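Participant: need a 3D model of the sequence below.
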Amino acid sequence: MNQTGESPDTLAERGKRAYQKGDLIAAIDAFTAAEMGYRGQEALVKAAEMANNLSVVLLQADRPQDALAAARETPQAFEEAQDLERCGMAWGNLGAALEACKDYDAAAEAYQKAIDIFRSRNLEDNLLQTAQALSRLRMQQGRVPEALTAMQGGLQDPKKLSWRHRVLRKILDIPSRLMGH
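Facilitator: Here you go, the predicted model:
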């Protein structure tokens, strides 16, 4: 319970509703209180989930350093709980926070860890989104070959790709074929 007597579950729901309404301040307050409540109950996976949510909201509120602080320990919490899907998401969120803080190499490393987890678990949607984030980051850095490789890595399973993504995959394969790879 927090000062108002609300349970962490209630605070988490309030945070989700506030986020859906676009009330970032209320979402930040609710997720922060929920995280603290779960930590007090030693429900560390739920606390990590709230920290992950908080990180996303803080990034949208243009508070990248706070987002990084919130996300920093979440991948390890999910890994220890053997929750690999959320571990991958946590690595992706950590990558986004690192990118917003302009720590590009660490961001790329976090994105790659997320990609590896998503690929191992056949989580194609998450894989594609994270590969796009890594590709975009590498393009911004002027590292075009790495950007193309990252995007190609997210477009591996043609059976699960939309028509648009299959076309993109064919286009991205052209430079590799020209270079003899």
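Participant: output the lowest mean pLDDT helix or strand found in the protein.
Facilitator: Least confident helix or strand of the chain, by mean pLDDT, DSSP states H and E, is helix 163-178 with a mean of 47.
Participant: so which strand or helix has the residue lying closest to Leu123 once chain neighbours are set aside?
Facilitator: Spatially, and ignoring its direct neighbours in sequence, Leu123 is nearest to Glu85 (6.2 Å; Cβ to Cβ, 6 or more residues apart in numbering). The C-beta positions use only the backbone N, C-alpha and C, and glycine is treated the same way. Counting by DSSP states H and E, the element that carries Glu85 is helix 84-100.
Participant: what's the angle from whichever helix or strand comes after that helix to helix 84-100?
Facilitator: Downstream of helix 84-100, the first helix or strand assigned by DSSP H and E is helix 104-120. Interaxial angle of helix 104-120 relative to helix 84-100 (axes from the mean of the first three to the mean of the last three Cα atoms, to 10 degrees): 160 degrees.
Participant: tell me the domain boundaries of this structure?
Facilitator: Recorded structural domains for the chain (assignment: automatic domain parsing) are 1-102, 122-181.
Participant: looking at the ones you listed, which is buried most?
Facilitator: Of all the domains of the chain, domain 1-102 carries the top mean neighbour count, a mean of 19, counting by mean count of other Cβ atoms under 10 Å.
Participant: run the chain-centre distance for that domain.
Facilitator: Relative to its chain's centre, domain 1-102 lies at 12 Å (Cα atoms, centre = their mean, to the nearest Å).
Participant: for that domain, the averaged confidence score.
Facilitator: Averaged across domain 1-102, pLDDT comes to 95.
Participant: so that it lines up with my notes, have the first residue be 26 from now on.
Facilitator: Sure, I'll start counting at 26 from here, so that last one is domain 26-127.
Participant: which one of the domains of the chain lies closest to Ala139?
Facilitator: Checking the domains of the chain against Ala139 by Cβ to Cβ gives domain 26-127 as the closest, at 3.8 Å.
Participant: quick one, what contacts the residue nearest to Arg97 when sequence neighbours are not counted?
Facilitator: Nearest non-adjacent residue to Arg97, counting by Cβ to Cβ, 6+ apart: Leu119, 6.9 Å away. By Cβ atoms under 8 Å, 6 or more residues apart in numbering, the residues touching Leu119 are Ser80, Leu93, Ala96, Arg97, Thr99, Pro100, Ala135.
Participant: recalculate using a threshold of 7 Å.
Facilitator: Residues in contact with Leu119 (Cβ atoms under 7 Å, 6 or more residues apart in numbering) are Ala96, Arg97, Thr99, Pro100, Ala135.
Participant: equivalent analysis for Ala158, please.
Facilitator: With contacts defined as Cβ under 7 Å, 6+ apart, the neighbours of Ala158 are Gly120, Ala121, Tyr136.
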